[in-house]
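below is the sequence, then the predicted model.
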Amino acid sequence: MLKPFSRYLTAVEEHLPSEHRPLLRNGIYLAILDWYTDGTEPIEAAARIRHAVTG
């Protein structure tokens, strides 16, 4: 069973550098929601964000 989306966002945020955290509530919110519904683990979501931002 999936945990609430707000808890998922918090878990993803815990694995990101502080400068990347504002992205969660702004530009990539829909992508994160998609990963959540697909069952992507928070640590994997954070890794995708880090990779996209840092190249």
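Sure thing, it's come through.

below-threshold pLDDT in the protein: ranges please.
Applying pLDDT under 70 to the chain picks out residues 1-2.

now do the helices in it.
Assigned by DSSP state H, the chain shows helices spanning 5-14, 22-25, 29-38, 42-54.

got the angle for the third one vs helix 5-14?
Relative orientation of helix 29-38 with respect to helix 5-14: 110 degrees, computed using axes from the mean of the first three to the mean of the last three Cα atoms, to 10 degrees.

how about helix 29-38: buried residues?
By neighbour count with 16 or more other Cβ atoms under 10 Å, helix 29-38 contains the buried residues 32, 35-36. Glycine gets a C-beta too; all of them are placed from N, C-alpha and C.

what do you get for stretch 39-55?
Applying 16+ other Cβ under 10 Å to stretch 39-55 flags 40, 42, 45-46, 48-49 as buried.
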